[in-house]
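>>> Sequence plus predicted model, see below.
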Amino acid sequence: DITVTVLGNHPNIALTPTVFQSELPHGIATERQKRLLDGGRSGQPLDDPALAETLMGMALRFAEHCKPFDYMRVDFRQTLPDRQLFVLECNLTSNLGTHAATGIAIRNDGIAHIDLIEHLVAFSTRRQQVL
């Protein structure tokens, strides 16, 4: 499973994809694993520049159909060995914790967590014309 976080902006910004692996059959991740209550699941930045570029482009195109949003996560599954890509889901309120996909991606991209939160609040406020 590979996740791409997209930040709302003009234009939108795709962060480095994050790969998640679970020790459970078929790579299934449980809610307990996602909440760090059980082990057996790990995430790291995708180490395949060509695939990362493809997924980021796909996520950005997908995000154009989901407006308005401040940030979102687009989850993909790549089948092996044929390497086909499928969109699993999108989430407009994904976890911003440091252990989650967005937290892993911003660390890899050199973005401080506080800067991410500041961007989201500022963009959302402007988008909603609250200022």
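Received it, and whenever you're ready, just let me know what you need. Numbers count the residues shown, from 1 in each chain.
>>> residues contacting the residue lying closest to V6 once chain neighbours are set aside?
Nearest in space to V6, with sequence neighbours left out and distances taken as C-beta to C-beta, 6 or more residues apart in numbering, is A63 at 4.5 Å. Placement of C-beta: from N, CA and C, glycine included. The contact partners of A63, taken as C-beta atoms under 8 Å, 6 or more residues apart in numbering, are V6, N12, F69, M72, V74.
>>> Quick check: of those, which has the highest neighbour count?
Neighbour counts for these peak at V74, which has 27 neighbours (criterion: other C-beta atoms under 10 Å).
>>> Any buried residues in the helix or strand of the chain with the lowest mean pLDDT, and which?
Lowest on mean pLDDT, DSSP states H and E among the helices and strands of the chain sits helix 31-34, with a mean of 90. Using 16 or more other C-beta atoms under 10 Å as the test for burial, helix 31-34 gives Q33.
>>> That one: what's the following helix or strand?
Heading C-terminal from helix 31-34, the first helix or strand you meet, by DSSP states H and E, is strand 41-45.
>>> buried sites along that following strand?
R41, G43, P45.
>>> between the next helix or strand after it and strand 41-45, how big is the angle?
Scanning forward in sequence from strand 41-45 by DSSP H and E, the next helix or strand is helix 49-63. Helix 49-63 runs at 100 degrees relative to strand 41-45, counting by axes from the mean of the first three to the mean of the last three C-alpha atoms, to 10 degrees.
>>> Okay, helices next: where are they in this structure?
31-34, 49-63, 101-108, 113-127 (DSSP state H).
>>> Pick the most deeply packed of those.
Across those, averaging neighbours per residue (mean count of other C-beta atoms under 10 Å) puts helix 101-108 on top, at a mean of 21.
>>> In contact with G27, which residues?
Neighbouring residues of G27 by C-beta under 8 Å, 6+ apart: D1, Q21.
>>> any idea how far it lies from P45?
18 Å (C-beta to C-beta, to the nearest Å).
>>> again, but for A59
A59 is 15 Å from P45, by C-beta to C-beta.
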